[in-house]
Structures are given as structure tokens and as C-alpha cells.
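**Q** test case, fold it:
(one chain, ligands or ions: 3)
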Amino acid sequence: MKQEISNDQMVGTAVTEKNHQENHQEIVTTDFDALAEKAMSRRGFLSTCVGIGAGAFVMGMSSSFPMSALAAHHGGKRFTFEPVAANTLDTVIVPKGYSWHVVSSWGDPLWSKGVAFDHATRGTGESQELAFGDNNDGMALFTVGDKQILAVNNEYVNLKVMFGNNESLKPVTEDDVRKCKAAHGVTIMEVTNSGGQWSVVKDSSYNRRITADSPMEITGPARGHDLLKTSEDPEGIISKGTWNNCGNGRTPWGTYLACEENFNGYFSSSDESYEISPEFKRYGIKHKDRGYGWSMTDDRFDMSKEPNEANRAGYIVEIDPADPTATPKKRTALGRFKHENAELVVADNNCVVVYLGDDERGEFLYKFVSKKRYKKNGNNSNLLEDGDLYVAKFEDGGKGEWLKLTPKTTGMKSKAEICIHTRLAASAVGATTMDRPEWVAANPTKKEVYCALTNNKNRGKKPNAGGDETPVGGPNPREVNNYGQIVRWIPARGDHTSTKFTWDLFVMAGNPTVHKDAYAGSANVNASNMFNSPDGLAFDKHGTLWIQTDGKYSNEGDFEGQGNNQMLAADPETGEIRRFMVGPRECEITGITWSEDLKTMFVGIQHPGEKGKGESSFPEGGNSVPRSSIVAITKDDGGYIG
Ligand code: FEO
Ligand code: CA
Ligand code: CA
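**A** Ligands and ions are numbered 1, 2, ... in the order given. Have a look, this model is predicted:
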């Protein structure tokens, strides 16, 4: 597709191209209903969200703004980069003075016995088992001794691209299924920086592929429960594989957390009369899978043959990236749902708190609080094995509460059952149905937490899959919400284990060039920084919030002028948002981690050219097959990124 954008147009101005597609109750005093009502007018929104933001600014400046750290790099300024314009180019665009390069792409071999990615065949089962998986998502860089180890989720596969040579655009043969399963899971690989270029260290003893077939230990309250027993594992203690790992988490004791999201789409039933239980329906299990065809070669994925297998997915998986022989652990204590990411903070009392989103329309926001406490330099390996699970209820007047899920509050028989049928438990206590909770990010410089609520076309229109109503209001203020918003909460007394919090909206995405009402977005959204569908969310050490999008890239209609998916930097003190990067066509930007010196930022480019229609050939260009990739971004003067 031809490019119609000049380089001059690339910086500072929005490029539109058709045809391409903390305790602060004193601040939050607004009545719940009035807040929602005001949010429905742009003027009203200014007086709620931005008024709250400005108040937070005053508090922030007098308390915890990390000015000294930033000053060392930026003369005290939060941002020094020039914003990047929206565009529909098939490449990565970063600000002037920054550069990027590819670290690894789908199919790149991790061992010298593997073969280079074959654009003609798009790989085999054998080549894929020795290579980086597809659709990289959440990731984290670990320092182990003098080595740099990158752990990366390979969420799912781009069927239309991976199987673009098959007429059905789906797996057909046994080897297709082998390849498909091998392209899922987690990739662990050593990376090194040589002359400013990061690359994978082939044959490193740390390199490892964890796939849909790798053994996992089931831990926590649900371990050994009848609902987890299968013919392969009659004790319900060892499951096989992890798949659809979306966002991630990391722990202060050096482990990686992979988060199982849309696990349901891999199950099918060969027996059409198999009756899907209400519990499975709540999680979206159907008679047909989403085209993966795994039941062709593996009875685990045939519901009528192995009806408990689907209860063994939908968890947080803890992996030790420093020990390639360590068995990954499914942490059932953190609940079973469509996990987005796992944002872990150590509370002042040393309990470990993990914030968790369930990404589906009208589902919930959770937190886990560990029973045992974190000990610096102690053995923390089983902290995620037991604790309390809570779900969020957003209340009137910008206040909220974490509701504990217990047999008493939920009416369920046991903690194990709560950990397996978590969505049903949360419905039973009357949690707030949300606009698809994606990543949660905790500010390292302040006691506050943010969650991307990506969008929800059903808001105010349809209940969630459990029949819970989805009324317009609170942190979900717009009916048929196509743009999304970011909610922020401050735990009472700055205590992450507290059951009370206050909240506000940090931003409502929108399009002020198309709409004049609430769909224009909040006052910190304008024609040159607008975006839709915030998804990935992470703070860097200096307290800058990075926002990644997985939205509509049509660049038309409601989305005109927003271009391809992108990454923006936000100042939590002032609310300012600046676009830092735009990705190639039909991609999603997801996954972010930094080198220890913060001089390299690693960012994930997922599913470029996802429609399989030749719109993208990222990263190689020409007639090459588009491949999900990790890129490294550096500043040309060797400075801190941002
Ligand atoms: Fe895999 Fe909710 O994104
Ligand atoms: Ca996501
Ligand atoms: Ca998303």
C-alpha cells in the first residue's frame, strides 16, 4: 500500500490518512451518580476527572515526586521527547533522537540446531519447538549473575499468517497442530548487548521453550481437587502446558509470572450432544474451538472426552527464569479467570499484594493478599501458594471496597471451589462489572495503582456472561464504550492490604476531532495524542506511566486520525500524555521491560498484518511474512528512555 506521508509530517502533528486503515477523600467528594452523569458531558468531565488529577498533582509535588532521579537525566522535566504523529506506516516510528532494532521475531531459532525462519513454509513443528514463539506479549528482563535473561509470553498464534499456506488458514495436519502448540507458551532466552545492538545468545544454557505440552505443577487451594482430575493426572496435581499467556508479572524474588487469558478457545467437543455446564459457559467454553484444532491430536482438548481439562487453565503460572529445569507452578490461589497481567507490590507490612484484571466485557478486577510475608533475601518461593482473594466494588463518591471471596461470602463450599470458579464467586458478592480490565500498573514512587479498561461495546446494553448487569456509571461512565479509559485507585492509608480505596479516572480515551461529547475523551486527550483501547500499562522506575494500545486501526470514522496502534507516555502528576511510538500495520503494541540502566526499553510488536491480507511485511519488508517481534529502543545520546 502506498505511503502518502512525508517525514516532515511525522513529528508533532496528527496525520490523518483515510483509506488506511492515595487517602484523598478530601479530593474525591463527588457523588457516584453525579460523577457518572457529569462524565457524560465534556465540560462535566473536566470538572470531575481533571479536577481530581490537578488535586493529585499538588499532593504529588509535595510528597513523592522523584525529582532527583529525573533531574539527573532530564533537567527535572518529565518528558523531553517530541511527540510522534499518528500514522499508518508499516514500520516502527519513535521520536527524533531515538532508534530501534529487532531483538527477536517469531520463528527465530534459539539453538544452533534450529533453522532460520522459512518464509515459504512458515516453519514446521520441529523448527518451531526450537524457536521463539508467535505473538509475543508480556515480558520481563532478569539479571542472573552477569547474564540478561528475557522471559516472554507467546500468547497465541496468528492462524491466518502461520497457516497462510493452507486453504482453510488453519492447522490441518498433525504437524500443523504440533507447530501451533509449540508456538504458544513462554520463551526464555539470554540476550546480550554488543555495540548497542541486542540479540539472542543462541545455545545459552538459559534458553528454554515452555509450550502447551510442558509439565506444570498445580499448587494452592485447588491442588488435587476433584474438578482438576483427569485421566492423565488422576490426582489433579500436574497439568500439561500453558497457553494464551497475555500480560505478565514479576516478583522481587526473581520469578516470572505468565498469565493465562483466553484459555477457553482451544477446547471443543467431538460429541455434539455434550452438555456444557453453566460454569464452563461463564468462561466461554463452546462446542467449537477458535480454529486451533488441538483436539485433532490431543484428547485433552476434547471436552466430551476430558471434561475437567479446561478447569486446569486460566491461572497465573510462576516460572523461575534462572533455572531451566524448574517446573512451572500454576498458582490457583490467584484465581481462575481470563488473566490479563499480575501486578505485584510488597505492602508496608510485607504481605505480597497482586492486582489482577479479568479481561472480558463486564468481568472484574481482583487482588490477592499473601498469607505469609516477604522476607528480603529469605525463601519466598511459596508466597503465592496461599492467601486471600478479593474483588473490587466501586462505590459512591469515588470510594471503593475490596470484597473478600470466602465460602461464607460467596456461598461456595470451599476455598478450592472459589479458586476454580472465581468469576461465579465474584458475581455472588456483587462486584462491579468493568469495561474489560486489562493491565494493572502500580506506581513505584507513590501508593497508587492504575488499570486499563480497554473498551466495552456492551456497556449499558448487555449483561456479562454470568447475567450480571453492566450499568453505565462509576469507572465505566460511557454506554457502548469504544474508546476505553484508565481508572486509578489509592489504597486507604497508603496500605495495599487495606480493603478500602478511593478512585478516579486518569484518562478517558476518545476522539475530540469527531465528537464533542464524552466520546471526545477527557481534557488530557487532544488531536495530537488521541488513541483508543488502552491495554498494556507499566510504570518505569521514575514513575512515568507507559500506555500501549490494542485498538481499532482503521483510521476512519470514530477512529479517524488515530492511525496504527501505539505507545504513549503519561505523567501521573499532571495527566499529560505524549505519543512515543507508533507500530506497524494491523499490530498491537504489548509487552514492555527495561534494561537495568533504563537505557534500553524492550517493546513487543504483536501480530503485524493480522488479517493475513498482505498489509504488513514487518519487520523484514518486501514480500516477507509479517512476524511478531520484540524491538529494543535506545536513545541516540545514550540517555534514559522517555
Ligand atoms: Fe491478551 Fe486482554 O489481552
Ligand atoms: Ca492485552
Ligand atoms: Ca486488548
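
**Q** need the contact list for the residue in the stretch 101-250 of the chain positioned nearest to ligand 3.
**A** Going by C-beta to the ion, ligand 3 is nearest to residue 246 of the stretch 101-250 of the chain, at 8.3 Å. To be clear about C-beta, it is placed using only N, CA and C from the backbone, and glycine gets the same treatment. If you count contacts by C-beta atoms under 8 Å, 6 or more residues apart in numbering, residue 246 has them with 137, 138, 153, 155, 259, 260, 261, 262, 339, 340, 341, 359.

**Q** again, but for residue 233
**A** 239, 240.

**Q** picking that back up, just the CA coordinates for the strand or helix carrying the residue of the stretch 101-250 of the chain closest to ligand 3, please, in PDB.
**A** Using DSSP states H and E, residue 246 falls within strand 245-250. This file holds the C-alpha atoms of strand 245-250, laid out as PDB (Å, rounded to 0.1, in the frame of the first residue of the first chain):
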ATOM      1  CA  ASN A 245      -0.400 -16.100  28.200                       C
ATOM      2  CA  CYS A 246      -1.200 -12.400  27.900                       C
ATOM      3  CA  GLY A 247       0.300  -9.800  30.200                       C
ATOM      4  CA  ASN A 248       2.900 -10.800  32.800                       C
ATOM      5  CA  GLY A 249       4.200 -10.100  36.300                       C
ATOM      6  CA  ARG A 250       7.400 -10.400  38.100                       C
END
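
**Q** give the pairing partners of it; include direction for each.
**A** strand 256-260 (antiparallel) (DSSP bridges).

**Q** which residues does the strand it pairs with contact?
**A** For strand 256-260, contacts defined as C-beta under 8 Å, 6+ apart pick out 138, 140, 142, 151, 153, 185-186, 188, 210, 242-251, 313-321, 328, 338-342, 344, 356.

**Q** next secondary structure element downstream of it?
**A** helix 278-282.

**Q** tell me the helices and strands packed up against that following helix.
**A** helix 422-428 (3 or more C-beta pairs under 8 Å, 6 or more residues apart in numbering; DSSP states H and E).

**Q** state the next helix or strand along the chain beyond the helix it packs on.
**A** strand 437-442.

**Q** tell me what angle that next one forms with strand 256-260.
**A** The directions of strand 437-442 and strand 256-260 differ by 160 degrees, with axes from the mean of the first three to the mean of the last three C-alpha atoms, to 10 degrees as the criterion.

**Q** ok, and does strand 437-442 reach over to ligand 1?
**A** Yes: on the criterion C-beta under 6 Å from any ligand atom, strand 437-442 is in touch with ligand 1 at residue 438.

**Q** each with direction, which strands does that strand pair with?
**A** If you go by DSSP bridges, strand 437-442 pairs up with strand 449-453 (antiparallel).

**Q** wait, does the strand it pairs with make contact with ligand 2?
**A** No: Strand 449-453 does not reach ligand 2 (C-beta under 5 Å from the ion); its nearest approach is 8.3 Å.

**Q** surely residue 264 meets residue 310?
**A** Yes: under the criterion of C-beta atoms under 8 Å, residue 264 makes contact with residue 310 at 6.8 Å.

**Q** mutual contacts of those two, please.
**A** Shared contacts of residue 264 and residue 310 (C-beta under 8 Å, 6+ apart): 283, 285.

**Q** surely residue 535 meets residue 454?
**A** Yes: the pair residue 535 / residue 454 is scored as a contact, 5.2 Å apart, by C-beta under 8 Å.

**Q** which neighbours do those two have in common?
**A** Joint contacts of residue 535 and residue 454 (C-beta under 8 Å, 6+ apart) are 438, 550, 551.

**Q** and the pLDDT for the first one?
**A** Each residue has a pLDDT score; the one for residue 438 is 98.

**Q** distance of it from ligand 2?
**A** Per C-beta to the ion, to the nearest Å, residue 438 is found 5 Å from ligand 2.

**Q** contacts only, for that residue.
**A** Counting by C-beta under 8 Å, 6+ apart, residue 438 touches 247, 340-341, 357, 359, 451-454, 534-537, 550.

**Q** do that again at 6 Å, thanks
**A** By C-beta atoms under 6 Å, 6 or more residues apart in numbering, the contact set of residue 438 is 340, 357, 359, 452, 454, 535.

**Q** which parts of the protein sit against ligand 3?
**A** So the chain meets ligand 3 at 454, 535, 550 (C-beta under 5 Å from the ion).

**Q** check the contacts of strand 256-260 against ligand 1, which are close?
**A** Contacts with ligand 1 are made by 246, 340 out of the contacts of strand 256-260, judged by C-beta under 6 Å from any ligand atom.

**Q** can you go through the contacts of strand 256-260 and name the buried ones?
**A** Among those, the ones that count as buried by 16 or more other C-beta atoms under 10 Å are 138, 140, 142, 151, 153, 185-186, 188, 210, 242-251, 313-321, 328, 338-342, 344, 356.

**Q** residue nearest the centroid of the protein?
**A** The chain has residue 247 as the residue nearest its centroid, 3.4 Å off, counting by C-alpha atoms, centre = their mean.

**Q** with adjacent residues omitted, what lies nearest to it?
**A** Spatial nearest neighbour of residue 247, chain neighbours left out: residue 341 (2.7 Å); criterion: C-beta to C-beta, 6 or more residues apart in numbering.

**Q** least trustworthy helix or strand in the protein by mean pLDDT?
**A** Using mean pLDDT, DSSP states H and E, the weakest-scoring helix or strand in the chain turns out to be helix 51-62, at a mean of 26.
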